[in-house]
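*Asks:* Let's see this in three dimensions:
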Amino acid sequence: MIYRTSCVTTSPHSAWPSPPPSPIKLLPPSPTKLPLPSPTTLLLLAAPAVAYHAAPAAVAYHAAPVARVEEFNAHPQYEYNYSVADGHTGDNKSQQESRDGDVVRGSYSFHEADGSVRTVQYSADDHSGFNAVVHNSAPTAAPAHSAPAHYYHH
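*Replies:* Here you go, the predicted structure:
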């Protein structure tokens, strides 16, 4: 077999590639003589190979998820309320709501930054939709704070 390589190089003094390399001739390897095996070696090689393997791992099958049936309540009812009064953060708010069938009524209130209280009363039903009425109390006078005292140490 004859193989040719094609490596293109350029000389710094010429813009043309250098001439192609000469062909390379590959010769097959020479045969090697091996000694004949003994009859005992042949018997050992001819004996069947016994392999012990662990049992295959059990595959876990899981049942398909069962569809959950949601119970329908023809006349749902609930009531809830909460309130927060945190003097440290100034967070003051409350809410209450109730449902009787398809009618929801409720209110929530919170303290505004100016000290007033905003209260929203709402109701919702199939006939009137959602309705809200907003009430604002008069702003309260801001609490008087004394100017901070500065202490200088020399």
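
*Asks:* can you map out the helices along this protein?
*Replies:* For the chain, the helices defined by DSSP state H cover 39-46.

*Asks:* Tell me where it has strands.
*Replies:* For the chain, the strands defined by DSSP state E occupy 2-3, 24-25, 77-86, 91-100, 103-111, 117-125, 129-136.

*Asks:* How about the fourth one, which residues are buried there?
*Replies:* What it means is strand 91-100. residue 99 (16 or more other C-beta atoms under 10 Å). For the C-beta atoms, the positions are set from N, CA and C on the backbone; glycine is no exception.

*Asks:* rewinding a little: TSV for the strands of the chain, including mean pLDDT and distance to residue 69?
*Replies:* Formatted as TSV, the strands of the chain follow (pLDDT from 0 to 100; distance: least, C-beta to C-beta, whole Å):
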stretch	mean pLDDT	distance to residue 69
strand 2-3	49	76
strand 24-25	62	80
strand 77-86	94	21
strand 91-100	95	23
strand 103-111	95	25
strand 117-125	96	28
strand 129-136	95	30
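
*Asks:* May I see those organised as TSV, with distance to residue 66 added?
*Replies:* Shown next, in TSV, are those (distance: least, C-beta to C-beta, whole Å):
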stretch	distance to residue 66
strand 2-3	69
strand 24-25	73
strand 77-86	28
strand 91-100	30
strand 103-111	33
strand 117-125	35
strand 129-136	37
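
*Asks:* I am finished for the moment; much appreciated.
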